[in-house]
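Participant: attaching a predicted model along with its sequence, questions to come.
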Amino acid sequence: MSVQHAISLLKAIDTDPTLREQMYQFLHPHQVMEFLSLKGYGFNLNEFEDAVRILHLKCQSYEEADEFLHKAEWLRFQIKLSDTF
C-alpha cells in the first residue's frame, strides 16, 4: 500500500473510462477496496489523503484544483474511506 498507488488511482479515474463503471458494481466499500487492491491500487486513508494533497498542490489553476477536488470527493464517497478504516 502506498501513496503512489492512490496517486495512480486518482489519475486513472480520468484515463480509464471503465474503472468508474467497474467500481459502481460493488455494494460495499470493502468490496471496492478489495477490487482496487487487486487492480494494483492498494492504499489506506492516510495514503489517500497524502495523495490528494500532493496532486492538489500541482494544480495550475483554480478551475483545475476545483475539478480535481470534486474527483477526490467522488472517490472518497465511492470507497467511503471514513467508514472503511
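Facilitator: Here it is on my side, so go on.

Participant: pull whichever helix in the chain runs longest out as CSV, backbone CA atoms only.
Facilitator: Looking across the chain with DSSP state H, the single longest helix is helix 62-79. What follows is helix 62-79, C-alpha atoms only, in CSV (Å, rounded to 0.1, in the frame of the first residue of the first chain):
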residue,chain,number,x,y,z
TYR,A,62,-8.4,27.3,-9.5
GLU,A,63,-10.5,25.6,-12.1
GLU,A,64,-8.2,22.6,-12.3
ALA,A,65,-8.0,22.4,-8.5
ASP,A,66,-11.8,22.6,-8.2
GLU,A,67,-12.2,19.8,-10.7
PHE,A,68,-9.6,17.7,-9.0
LEU,A,69,-11.2,18.1,-5.6
HIS,A,70,-14.6,17.1,-7.0
LYS,A,71,-13.0,13.9,-8.3
ALA,A,72,-11.3,13.2,-5.0
GLU,A,73,-14.6,13.7,-3.2
TRP,A,74,-16.4,11.4,-5.6
LEU,A,75,-13.7,8.8,-4.9
ARG,A,76,-14.0,9.3,-1.1
PHE,A,77,-17.7,8.7,-1.4
GLN,A,78,-17.4,5.7,-3.7
ILE,A,79,-15.0,3.9,-1.4
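
Participant: hmm, who's touching the helix or strand hosting Ile13?
Facilitator: Using DSSP states H and E, Ile13 maps to helix 3-15. Residues from elsewhere that reach helix 3-15 (CB atoms under 8 Å, 6 or more residues apart in numbering): 19-20, 36, 40-43, 47-48, 50-52, 54-55, 68, 71-72, 75. All C-beta spots, glycine's among them, are computed from the backbone N, C-alpha and C.

Participant: and the buried ones among those, selectable in PyMOL?
Facilitator: Buried residues within the contacts of helix 3-15, by 16 or more other CB atoms under 10 Å, are selected in PyMOL with:
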select buried, resi 19+36+41+42+43+47+48+50+51+52+55+68+71+72+75
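
Participant: restricted to helices, list the contacts of helix 3-15.
Facilitator: Those of the contacts of helix 3-15 lying in helices (DSSP H): 19-20, 36, 47-48, 50-52, 54-55, 68, 71-72, 75.

Participant: pLDDT check: weakest of the residues you listed?
Facilitator: Lowest pLDDT among these: Arg20, with 88.
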